[in-house]
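Okay, predicted coordinates and the sequence, questions at the end:
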Amino acid sequence: MERTRVVITGLGIVSPIGNDVPAFEAGLAAGVSGVGPITRFDASAISCRIAGEVKGFNPEDYFEKRDVARTDRVQQLALAAAQEALLDSGLDLQAEDRERIAVYVTSGIGGGASFEGEVLQVAVKGPSRLSPFLVPKLLIDSIPSTIAERFKLYGGTSSVVSACASGTQMLGEALESIRRGDADVIVTGASDAAVTITGIGAFANMRALSTRNDDPGHASRPFDKERDGFVMGEGAGILILEQLGHALARGAHIYGEILSQAVTSDAYHMTSPDPEARQIVRAMRIAIERAGLTPLDIDYVNAHGTSTPANDRTESFALQTLLGSRARLVPVSSTKSMTGHLLGAAGAIETVACMLTIKNRLIYPTINYATFDPECPLDYVPNVARSSDVRYILKSSFGFGGHNVCIVLGRYAG
């Protein structure tokens, strides 16, 4: 039986290199780094004092003043990106059946900033001073609920959490939901805002973060031999997924097509990937097969590429296993080199970047690449964007706990 085709018709972004899609697009093309010294709090006591912060974002542009205090930054960033994506899609919500529009948006951490602030309040003033808004600010499922409430979308809300693979898995769940007939349109993606003293401090104490504090613009350097850890970022990426027939009927602009999803588990270690990459390779192969393709069809890989020694080595090994003799011919890049690692939101904003790659026929680079690593011997599109008529993209995301999620994206071809 022929499967329902699902296309992407709207994009929205808030990121360290731009607070809307045009700014993000320009930053990617220019190879701009969004990483700098942390300004949100005093990080002087932490080994990592840099992050990819969102700059110049004013939540009062999207919320009434009283509602800013009732929402966490993670919800605020998501709503801003969702508003842009819905506007970009051209959907006329007054004319649509809103019971057929769902919201599937997730996060890796959720409202961590609010939780941190309230715990500090308890320590000083006692539990009677806890905010009555803490629970909805904290819960990850409050993110899609905030969007659904704002735009009166009744088709259901969902949040699937799989650490740093969350955003990519959420896109895959939205794909399958449309194919099941649950909705015609799904507002989907992810948001994270964990640049807090607890978030940075905890990852730093795990020795997961870069300590290149004196050179923040070059700290995120996926696949480079001198990489020393990831740089945390914050932001949100939202995409509008739509059943093809619905999109064609309303004359929508189509960025591209989401063809498949695959999910596996390493079942190996809470934080380290299986160095043999068996389940990573299996997820890649399943996703490609479900798309009706072979590895020979993949034109570009948008990598997880975190800039940690183990992740980049393991991912490179997996791609060599998957692609065989073509491994060094297929371009692979990590836009985390520019944005930092947005945790659960990473896969969502990277999928937006993939749609811009298809739109502009331009592969965005892995910046800060200077020193070849023999354990990472692939073509990482170093430092400069590259023209390429990309048809099929493999997008991979991996998360603590052994989560492996791959999707295949394609140029829309009638």
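Perfect, thanks for sending it. If you're wondering where the values come from, they're calculated on a predicted model, not measured in any experiment. Numbers count the residues shown, from 1 in each chain.

In the top helix by length along the chain, which residues are buried?
What stands out as the longest helix in the chain, according to DSSP state H, is helix 73-89. Residues 73-86, 88-89 are the ones in helix 73-89 that count as buried (16 or more other C-beta atoms under 10 Å). Where C-beta positions appear, they are placed from N, C-alpha and C, glycine not excepted.

Neighbours of residue 55, how many?
13 (other C-beta atoms under 10 Å).

and what of the one 10 residues further on?
Applying the criterion other C-beta under 10 Å, we find 8 residues in the vicinity of residue 65.

ditto for the one 3 residues further on
Summarising burial for residue 68: neighbours were counted as other C-beta under 10 Å, giving 14.

Where do the strands of the stretch 1-150 of the chain begin and end?
6-14, 36-37, 50-51, 101-106 (DSSP state E, counting those that start in this stretch).

Give the pairing partners of the longest one; include direction for each.
Paired strands of strand 6-14, with direction, are strand 235-243 (antiparallel), strand 256-265 (antiparallel) (DSSP bridges).

which residues are contacting the helix or strand of the chain with the lowest mean pLDDT?
Ranking every helix and strand in the chain by mean pLDDT, DSSP states H and E puts helix 112-125 at the bottom, with a mean of 88. Residues outside helix 112-125 that contact it (C-beta atoms under 8 Å, 6 or more residues apart in numbering) are 72-74, 129-131, 134, 137-138, 193-194, 196-199.

now swap in stretch 28-44 and tell me
Under C-beta under 8 Å, 6+ apart, the answer for stretch 28-44 is 15-17, 26-27, 49-53, 55, 195-197, 200, 213, 216-220, 231, 233, 335, 337-340, 353, 356, 360, 362, 364-365, 367-368, 383-385.

mind running it again at 7 Å?
Under the contact criterion C-beta atoms under 7 Å, 6 or more residues apart in numbering, stretch 28-44 has outside partners 15-17, 49-53, 195-197, 200, 216-217, 219-220, 231, 233, 335, 338-340, 353, 356, 362, 364-365, 367, 383-385.

Now the buried members of those residues.
15-17, 49-53, 195-197, 200, 216, 219-220, 231, 233, 335, 338-340, 353, 356, 362, 364-365, 367, 385.

from those residues, which ones fall inside helices?
Using DSSP H, the buried ones among the contacts of stretch 28-44 in helices are 197, 200, 338, 339, 353, 356.

pLDDT weak spots in this protein?
Across the chain, the ranges flagged by pLDDT under 70 are 1.

Most tightly packed of the strands paired with strand 6-14?
strand 235-243 (a mean of 30; mean count of other C-beta atoms under 10 Å).

Using neighbour counts, pick out the buried residues of the helix or strand just after it.
On the C-terminal side of strand 235-243, the closest following helix or strand by DSSP states H and E is helix 244-249. Across helix 244-249, burial judged by 16+ other C-beta under 10 Å covers 244, 246, 247.

There's contact between the second one and residue 183 in this structure, I believe.
In this case it means residue 246. No - under the criterion of C-beta atoms under 7 Å, residue 246 is not in contact with residue 183, lying 9.6 Å apart.

of all the buried residues of helix 244-249, which comes closest to residue 291?
For these, the residue nearest residue 291 by C-beta to C-beta is residue 244; the value is 15.0 Å.

Thought residue 3 was touching that closest one, still the case?
No - using C-beta under 7 Å, residue 244 is not in contact with residue 3, being 10.6 Å away.

and of the contacts of helix 112-125, the nearest to residue 163?
residue 194 (11.7 Å).

So what does the closest one look like in phi/psi?
Main-chain torsions, residue 194, degrees, to the nearest 10: phi -100, psi 20.

ok, it to residue 88 distance?
Residue 194 sits 27 Å away from residue 88, going by C-beta to C-beta, to the nearest Å.

Tell me which other helices or strands the strand or helix carrying residue 350 touches.
Using DSSP H and E, the element containing residue 350 is helix 346-360. Under the contact criterion of 3 or more C-beta pairs under 7 Å, 6 or more residues apart in numbering; DSSP states H and E, helix 346-360 touches strand 6-14, helix 21-30, helix 166-180, strand 185-192, strand 235-243, strand 300-302, strand 392-399.

I'd like the distance from residue 122 to residue 161, if you could.
Counting by C-beta to C-beta, the gap from residue 122 to residue 161 is 25 Å.

Looking at those two, which is more packed in?
residue 161 (20 against 13).

Pretty sure the more buried one sits against residue 140.
Yes - Residue 161 lies in contact with residue 140 (C-beta under 7 Å); the separation is 6.1 Å.

which residues are in contact with both of these two?
Counting by C-beta under 7 Å, 6+ apart, the residues touching both residue 161 and residue 140 are residue 106.

Okay, domains of the protein per the record?
7-249, 261-410 (automatic domain parsing).

Tell me how far the longest one lies from the chain's centre.
Averaging C-alpha positions (C-alpha atoms, centre = their mean, to the nearest Å) puts domain 7-249 8 Å from its chain's average.

How about stretch 335-347?
For stretch 335-347, the distance to the chain centre is 6 Å (C-alpha atoms, centre = their mean).

my read: residue 102 touches residue 155, true?
Yes - Residue 102 is within contact range of residue 155, at 3.6 Å (criterion: C-beta under 7 Å).

shared neighbours of these two, which are they?
Common contacts of residue 102 and residue 155 (C-beta under 7 Å, 6+ apart): residue 183.

more crowded one of these two?
Using other C-beta under 10 Å, the more surrounded residue of residue 102 and residue 155 is residue 102, with 26 against 20.

how big is the angle separating the helix holding residue 350 from strand 256-265?
150 degrees (axes from the mean of the first three to the mean of the last three C-alpha atoms, to 10 degrees).

Make 25 the first number, not 1, from now on.
Okay, using 25 as the starting number, the last item reads as helix 370-384.

Just the CA atoms of helix 370-384, as PDB, please.
Coordinates of each C-alpha in helix 370-384 appear next as PDB, following Å, rounded to 0.1, in the frame of the first residue of the first chain:
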ATOM      1  CA  ALA A 370      19.200  20.400  18.200                       C
ATOM      2  CA  GLY A 371      17.600  18.000  15.800                       C
ATOM      3  CA  ALA A 372      14.700  20.400  15.100                       C
ATOM      4  CA  ILE A 373      16.800  23.400  14.200                       C
ATOM      5  CA  GLU A 374      19.100  21.200  12.200                       C
ATOM      6  CA  THR A 375      16.200  20.000  10.200                       C
ATOM      7  CA  VAL A 376      15.300  23.600   9.500                       C
ATOM      8  CA  ALA A 377      18.900  24.000   8.300                       C
ATOM      9  CA  CYS A 378      18.400  20.900   6.100                       C
ATOM     10  CA  MET A 379      15.400  22.500   4.500                       C
ATOM     11  CA  LEU A 380      17.400  25.600   3.800                       C
ATOM     12  CA  THR A 381      20.100  23.400   2.200                       C
ATOM     13  CA  ILE A 382      17.500  22.000  -0.200                       C
ATOM     14  CA  LYS A 383      16.000  25.400  -0.800                       C
ATOM     15  CA  ASN A 384      19.300  27.200  -1.500                       C
END
